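Participant: Below is the sequence, then the predicted model.
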Amino acid sequence: MTDLSPLIAVVDDDQRLLESLENLLESAGYRAITLSRPELLFEPGRLQSVDCVITDISMPGIDGFELRDRVIAARPGLPVILMSGRHEIAEQIRARTPPEPFFRKPFDGRALLDTIERLIASSRA
Amino acid sequence: MDNAEAEATSQMAEASRWYRAPAHDVEVSEAVLRQREQHLQLLVDTLPTMVWAAEPTGEPSYLNKRLIDYVGIVLNDLDAPDRSRLQMAITSSVHPDDAAAVGQALGHSFATGAPFAMKYRQRRADGVYRWTDGRAEPLRDASGEIVQWYGVSFDIDDEVRSAEALRRAHDKLALSSQAAGLAELAASIAHEVNQPLAAILASANALERWLMAGNPERALQSARSIMRDASAAAEVVARIRALFKGTAAARQQHDLNSIVGEVAGLLQEDLQRWDIAVELDLGRALPAVTVDRVQIQQVLVNLLRNGIEAMEKTPRGRRAIGISTRQVAGAVEVEIRDTGSGVDAPERIFDPFYSTKSDGMGMGLAICRSIIEAHGGKLWTKATGPEGTSLVFTLPIVS
């Protein structure tokens, strides 16, 4: 791994999930920072350093939707991937157009990695 | 004599029977009497209700015009060789399902002089049965003897039906909110299980990659994560099972203070992270309670987390949670106070649909309440003023 590999921020209030996603991202050659609280993403300088954000939707305080809006306001074009373990949220999101990057937990790690790769490539294009 | 004329004559005769003129008024001329009768007849027919009169024995002696028009029966129709007018009136105008009860109630009133009041279905002239509120009271002379019975009846069908529709709507609402509660519960459970499953899948995928990349250390680490998270998933399932089973077998005698201490320790990290001061006020030498330790822990964790979340908007210096235990009559009482934003609808927070929280626990106060109630205790909210909420539960003392 070099410092040039993309940096992915993972936001979730479940520590086990943070660890496993960090592991998955590292196994695919990415660098990862894990954040157990959404507000940590907005600490000075942090958002400028990341290439993609993966966030849980159901979190106390700032939820995933608000986090996505704030990220897009601060850094337009930065890929944000939403995830949730709640089926009802998944149904809600899938009904939306245009479709937005979303994964319902549990999800296939390979599919997540493919999406990250595609979104980062198009954000850099 | 045509029919209308016959009826008018008959009604006039009935009217004089309906109105018992005092016997000492003999000097009053017949013309004046007739005029008075006509006046009364008009009054009785104009009253916006159905009126009838009966002999002391209960035999109908008068029906007003509204009643005649409504049931489509005149007094003469009630005359039959083998049955009384009362029997005829009941069989011809009361719903067959209500006839026996009406007959019995009227019979009781006529025999004892007690007022009659009953709601029953009455047959309208068009054959439609409509709910009716019937009432009757006796008129007594100076010696207390019943001279006459007077009765009224109101058509209350619309009111009865709208009340029934309201009740049906209410039942339906209760049922659907119950279903909503279950759906919410199912969603919470799915979320609880999906969290560790997501971690397992991600780690398994990483494991495969580390193996292919020839990194056995990271592969081993991934395998360990999988085992840990799979156990966590199994625990969730066991916990849910325990919640629904609610067996008394798992219950043992415990000191509630020690369970409170454990849970406060368990949440120490959260409490510190949110700068929440914890004030413990534990009653001394509390009697033991027979509880499922894990379930009571779950209740305490939920209530404390609830309090922690309620203080999200409270300034950091003013965040505090107070936990107190004390002995009350036949039970041990635990109170958890926070200095949060309070609740608008204290009872609704126990509704599974209402307590939609976005955190991982997601089990809700509804489950806390069912656990406490399954232990023979109670869980409620206590008003603590404009700021803060107090949740209190009791557990019965072992006798």
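Facilitator: Sure, I can see it.

Participant: where does residue B:62 fall, helix, sheet strand or coil?
Facilitator: The assignment at residue B:62 comes out as strand when based on DSSP: H, G, I helix; E, B strand; the rest coil.

Participant: which stretches of the stretch 251-399 of chain B have low pLDDT?
Facilitator: Within the stretch 251-399 of chain B, the segments meeting pLDDT under 70 span B:342-364, B:383-386, B:399.

Participant: For residue B:296, which non-adjacent residue is spatially closest?
Facilitator: Leaving aside its chain neighbours, residue B:296 sits nearest to residue B:259 (5.5 Å; criterion: Cβ to Cβ, 6 or more residues apart in numbering or on different chains). The way it works is simple: take the backbone N, C-alpha and C, and place the C-beta from them, glycine included.

Participant: can you list the residues of chain A near chain B?
Facilitator: A:13-14, A:16-17, A:19-21, A:23-24, A:26-28, A:58-61, A:63, A:83, A:85-88, A:104-110, A:112-113 (Cβ under 8 Å from any Cβ of the partner chain).

Participant: Among those residues, which lie within helices?
Facilitator: Cross-referencing the residues of chain A next to chain B with the helices (criterion: DSSP state H) gives A:16-17, A:19-21, A:23-24, A:26-27, A:87-88, A:109-110, A:112-113 as the overlap.

Participant: how does chain B divide into domains?
Facilitator: According to the domain assignment given by automatic domain parsing, chain B is divided into the following structural domains: B:3-155, B:162-245, B:252-396.

Participant: Dump these to TSV, plus distance to residue A:33 and mean neighbour count.
Facilitator: Shown next, in TSV, are these (distance: least, Cβ to Cβ, whole Å; neighbours: other Cβ atoms under 10 Å in any protein chain shown):
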stretch	distance to residue A:33	mean neighbour count
domain B:3-155	72	15
domain B:162-245	16	16
domain B:252-396	18	17
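
Participant: and those domains as a markdown table, adding distance to residue A:121?
Facilitator: As requested, these are exported to a markdown table (distance: least, Cβ to Cβ, whole Å):
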| stretch | distance to residue A:121 |
| --- | --- |
| domain B:3-155 | 75 |
| domain B:162-245 | 20 |
| domain B:252-396 | 32 |
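
Participant: can you pull out the helices in chain B?
Facilitator: With DSSP H as the criterion, chain B has helices spanning B:3-18, B:30-46, B:65-71, B:85-93, B:96-112, B:157-212, B:216-245, B:256-266, B:268-273, B:293-310, B:364-374.

Participant: Which among those is found nearest to residue B:327?
Facilitator: Residue B:327 sits nearest to helix B:256-266 of all the helices of chain B, at 9.9 Å, using Cβ to Cβ.

Participant: Is residue B:65 in contact with residue B:42, as I believe?
Facilitator: No. Residue B:65 is not in contact with residue B:42 according to Cβ atoms under 8 Å; the separation is 9.8 Å.

Participant: Which residues of chain B lie near chain A?
Facilitator: Counting by Cβ under 8 Å from any Cβ, the positions of chain B adjacent to chain A are B:187, B:190-192, B:194-206, B:209-210, B:213, B:218, B:221-222, B:225, B:228-229, B:232, B:309, B:312, B:357-360.

Participant: Tell me how far residue B:99 lies from residue B:73.
Facilitator: When Cβ to Cβ, to the nearest Å is applied, the distance between residue B:99 and residue B:73 equals 15 Å.

Participant: Residue B:398 now?
Facilitator: Look at residue B:398 and residue B:73: by Cβ to Cβ, they are 71 Å apart.

Participant: Then residue B:148?
Facilitator: The span separating residue B:148 from residue B:73 equals 20 Å under the rule Cβ to Cβ.

Participant: contact partners of stretch B:206-217?
Facilitator: Contacting residues not belonging to stretch B:206-217 are listed as A:20, A:23-24, A:26-28, A:109, B:218-219, B:222-223, B:226 [Cβ atoms under 8 Å, 6 or more residues apart in numbering or on different chains].

Participant: Average pLDDT for it, rounded please.
Facilitator: The average pLDDT within stretch B:206-217 is 95.

Participant: which residues of chain A fall in strands?
Facilitator: Listed in chain order, the strands found in chain A under DSSP state E are A:7-11, A:31-35, A:52-56, A:80-84, A:102-104.

Participant: Throw those strands into CSV and include mean neighbour count, thanks.
Facilitator: Supplementary listing: these in CSV, determined by neighbours: other Cβ atoms under 10 Å in any protein chain shown:
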stretch, mean neighbour count
strand A:7-11, 23
strand A:31-35, 19
strand A:52-56, 24
strand A:80-84, 23
strand A:102-104, 19
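
Participant: I'd like these as TSV, with mean pLDDT appended.
Facilitator: Putting those into TSV (pLDDT from 0 to 100) gives the following:
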stretch	mean pLDDT
strand A:7-11	97
strand A:31-35	96
strand A:52-56	96
strand A:80-84	94
strand A:102-104	93
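
Participant: Among the ones you listed, single out whichever gets nearest to residue B:389.
Facilitator: Proximity of the strands of chain A to residue B:389 was assessed by Cβ to Cβ; the nearest stretch is strand A:52-56, lying at 26.7 Å.

Participant: Adjacent strands (with direction) for the closest one?
Facilitator: strand A:7-11 (parallel), strand A:80-84 (parallel) (DSSP bridges).

Participant: would you turn the ones you listed into TSV with distance to residue B:115?
Facilitator: Listed next are those as TSV, based on distance: least, Cβ to Cβ, whole Å:
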stretch	distance to residue B:115
strand A:7-11	75
strand A:80-84	67
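
Participant: Between those strands, which one is closest to residue B:378.
Facilitator: strand A:80-84 (35.1 Å).

Participant: between the closest one and helix A:15-27, how big is the angle?
Facilitator: What separates the directions of strand A:80-84 and helix A:15-27 is an angle of 140 degrees, with axes from the mean of the first three to the mean of the last three Cα atoms, to 10 degrees.

Participant: rewinding a little: which among the residues of chain A next to chain B count as buried?
Facilitator: In those, burial by neighbour count holds for A:13-14, A:16-17, A:19-21, A:23-24, A:26-28, A:58-60, A:63, A:83, A:85-86, A:104-107, A:109, A:112-113, counting by 16 or more other Cβ atoms under 10 Å in any protein chain shown.

Participant: which of the helices of chain B has the lowest average pLDDT?
Facilitator: When the mean pLDDT of each of the helices of chain B is compared, helix B:3-18 ends up at the bottom with a mean of 56.

Participant: Pick out the residue of chain B closest to chain A.
Facilitator: Relative to chain A, the nearest point of chain B is residue B:205 (2.9 Å; Cβ to the nearest Cβ).

Participant: List the buried residues of the lowest-mean-pLDDT helix or strand in chain A.
Facilitator: When the helices and strands of chain A are compared on mean pLDDT, DSSP states H and E, helix A:87-94 comes out lowest with a mean of 82. The neighbour-count criterion (16+ other Cβ under 10 Å) identifies A:89-90, A:93 as the buried residues of helix A:87-94.
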